[in-house]
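J.: I would like the atomic coordinates for the input below:
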Amino acid sequence: MKKPELKKLNVNFKPGFLKKYDYNIDEVIGVKGHDRFILYTKKKLIRIYRGSLKSKALLSTYIPIEHAIFYSFEIEKNVIEKVDLDHFIETKVYEEAGVDETEKYIIRYKIIDSMKDEKIVTVEVIIVPAGFIENGYKEIIEETGYIDYISFPAFAYKALYDEKIIQKANDLFVVFLYDKVFLTFYNEGELLSIVTISGGLDKVYEALGKLKIKNFDISVFEKLLTKKGVNNLKYSNVEKAVLDIMQDEFLSLINIVNSQIEKVGLKYNVSDIDRIYVTSEYGNIEGLQDYIQKIVGIDTFGFEFYEEYNLDRLAVNPFLFLGMLEAHNAYKNQNQEYNFSLKLRKPTFFYRPSGRLFLILTAAIVGMGAYPVYLYLNGMSYETENKKLQSEVKKLTIQNAKLSNQIRVLKNQEKSILKEREKYSKDIAFTKNFIKSVYEFKYSYIPKSSELVDITLIMNKDKVYLNQLNYEDGVFQLNVFSFKDTQIPNFIDDLVKKGFHVETEGVTFKDNKYNAIIRIKE
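T.: Next up is the predicted model:
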């Protein structure tokens, strides 16, 4: 029988009443309407939650995209350093964003420093009416008195990279709403740009309405999107007119999205978009991922980011999952920059004003009785401690004298060694220079120089750039890169035409550049 192991004592354990906040950041409850889930971040598991919302788990929800106002502007970097940025942005929002000046708003912003013009940054601003935050989550507040985190999707996407659910790349997140299309661009795990396009699924709905389909309404439209969408295989011959309208209208929307991709490439330091993630306010649209990928030629996926966590195959709102994930990351990294909650959890008792007053009064009462005892005990121990210190001082004085003498001896030795080293260094330097001169004279002959000149001229012609050049055993090895996929192949063809014997293992694409290692034999 195996000997049972003794449980180790957790020396870092701190009772809940001694912590400032008694919550567990590795468990997050997500609430939206009647949907209640709990995310176990360490187990990578999401489950339906049936317990009390008032618990140690973090409590989160999210702001639907349609309830936010979007505003962005460009500003010179040197201006940012001279202004109170929060006040500056708030003033611009009320003056230029078209908001009601009599209302109060919750404003969160992100400064984007990735523009081609390095003197300028973009400020992306999300504006939410305070009235919506105060009234839109009343049921939760009435039950708990707090919400630990209220997220917004554009900021929440970052948690996907932080939790390594998706790898960092140039990504576009597309959400089709009824009256608009919401685009969020990310560059290597960081927010790059937010774009809203007027007109969304309403254009498809209105176009289908012209067919005079019997009993056609918004609920039928929602089912049509999620069940058949733009998938050819889901339609019969008699439904071809519906399919044609669906595909034509979505083609128009996709072309608008594609034009925004091109604009981002012109404005920011981004070469291309690697992936598109797409959904709608009704959920995934059947066949849309393949349809977009076919039109724009970019890998396209849905919003099922929670699949790895969803062992029970639950119907999880992707934006609620993103909010839960962001809440965990925000509290783990102690960063509440993008939290829209106005009702945060209260600290534990001893961190509240009433608790601090209690501690002060208790300490005062104990202190008044303890001080006379302290004086008596302190007087008794003083003489003993003083004798010990005097003894230590004598020992340290003797050691200090010995060390000072040793230091003088070592410094004299150091001077002698430095003189010898200087003498030998001069001899070695002379010998090295002599050997180098002989070697260069013997091996740097004119034909090799001529070959390098030819190679350099071809590189300049084909716009190929050199990272590193090595020469060994009659072989030039060139580590090169270019910004277009045709430039390195053209360079190799021109070398062969010039009579060079060329070998390469292929061209790779990394860090927005095409890279290759080319070997040229003499």
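
J.: relative to K484, how far out is the closest residue to Y149 other than its chain neighbours?
T.: Excluding the flanking residues, the one nearest Y149 by Cβ to Cβ, 6 or more residues apart in numbering is A327, at 3.6 Å. Bear in mind the C-beta positions are built from the backbone N, C-alpha and C, glycine included. Between A327 and K484 the distance is 43 Å, computed by Cβ to Cβ, to the nearest Å.

J.: out of the two, which sits in the busier spot?
T.: For A327 versus K484, the count of surrounding residues by other Cβ atoms under 10 Å is larger for A327: 31 against 13.

J.: list the residues that contact that one.
T.: A327 makes contacts with V28, L58, S60, D148, Y149, S151, as judged by Cβ atoms under 8 Å, 6 or more residues apart in numbering.

J.: closest one of those residues to N515?
T.: S151 (38.5 Å; Cβ to Cβ).

J.: so what's the closest one closest to, chain neighbours aside?
T.: Counting by Cβ to Cβ, 6+ apart, the residue nearest S151 is G323, at 3.7 Å.

J.: which parts of the helix or strand hosting that neighbour are buried?
T.: Per DSSP states H and E: G323 is located in helix 318-332. For helix 318-332, burial by neighbour count (16 or more other Cβ atoms under 10 Å) applies to 318-331.

J.: I'd like those residues laid out as JSON lines, including distance to I165.
T.: Formatted as JSON lines, those follow (distance: Cβ to Cβ, whole Å):
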{"residue": "P318", "distance to I165": "11"}
{"residue": "F319", "distance to I165": "15"}
{"residue": "L320", "distance to I165": "15"}
{"residue": "F321", "distance to I165": "10"}
{"residue": "L322", "distance to I165": "10"}
{"residue": "G323", "distance to I165": "14"}
{"residue": "M324", "distance to I165": "12"}
{"residue": "L325", "distance to I165": "8"}
{"residue": "E326", "distance to I165": "12"}
{"residue": "A327", "distance to I165": "15"}
{"residue": "H328", "distance to I165": "12"}
{"residue": "N329", "distance to I165": "11"}
{"residue": "A330", "distance to I165": "16"}
{"residue": "Y331", "distance to I165": "18"}
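
J.: let me see the mean pLDDT of the helix holding G323.
T.: Averaged over helix 318-332, pLDDT sits at 97.

J.: centre of the chain versus it, how much separation?
T.: 13 Å (Cα atoms, centre = their mean, to the nearest Å).

J.: what do you get for stretch 114-130?
T.: With Cα atoms, centre = their mean, you get 16 Å for stretch 114-130.

J.: got the buried residues for it?
T.: S114, M115, V121, T122, V123, E124, V125, I126, I127, V128, P129.

J.: measure the closest residue in space to the third one that isn't next to it in sequence to N512 for me?
T.: Yep, that's V121 we're talking about. Using Cβ to Cβ, 6+ apart and skipping the chain neighbours, the partner closest in space to V121 is D113 (4.9 Å). Noted for D113: a distance of 17 Å to N512, by Cβ to Cβ.

J.: am I right that K168 is in a helix?
T.: No. Read with DSSP: H, G, I helix; E, B strand; the rest coil, K168 is coil and lies in no helix.

J.: pLDDT wise, what is it at?
T.: Value listed for K168 in the pLDDT field: 97.

J.: what is the neighbour count of it?
T.: Neighbour count of K168, defined by other Cβ under 10 Å: 15.

J.: kindly report the same for V175.
T.: Neighbour tally, V175, other Cβ under 10 Å: 23.

J.: SS state for it?
T.: When classified by three-state DSSP, V175 comes out as strand.

J.: okay, and the beta partners of the nearest residue to it once chain neighbours are set aside?
T.: Closest residue in space to V175, ignoring its immediate chain neighbours: F182 at 4.4 Å, by Cβ to Cβ, 6+ apart. Bridge pairing for F182 (DSSP bridges) gives the partners V175, T196.

J.: could you do V123 as well?
T.: Beta-bridge partners for V123, by DSSP bridges, are F73, I111.

J.: any idea how far A97 is from it?
T.: Taken as Cβ to Cβ, the span from V123 to A97 is 12 Å.

J.: kindly report the same for K234.
T.: Distance, K234 to A97, by Cβ to Cβ: 42 Å.

J.: of those two, who's got more company?
T.: A97 (17 against 14).

J.: please name the nearest non-neighbouring residue to that one.
T.: Y71 (4.0 Å).

J.: now do the SS call for that neighbour.
T.: From three-state DSSP, the assignment for Y71 is strand.

J.: how near is it to E96?
T.: Using Cβ to Cβ, one obtains 7 Å as the distance from Y71 to E96.

J.: who's more crowded, these two?
T.: Legend: neighbour count by other Cβ under 10 Å for Y71 and E96, higher for Y71 (19 against 10).

J.: now do the domain split for this structure, please.
T.: As given by automatic domain parsing, the domain ranges for the chain are 18-165+305-351, 166-302, 370-444, 446-521.

J.: would you single out the least confident of these?
T.: Across the domains of the chain, domain 370-444 gives the lowest mean pLDDT, at a mean of 70.

J.: show me what contacts K240?
T.: K240 neighbours (Cβ under 8 Å, 6+ apart): none.

J.: ramachandran coordinates for it?
T.: Main-chain dihedrals, K240, degrees, to the nearest 10: phi -60, psi -40.

J.: show me where the stretch 251-400 of the chain has helices.
T.: Ranges of helices in the stretch 251-400 of the chain, per DSSP state H, counting those that start in this stretch, are 288-296, 318-332, 353-443.
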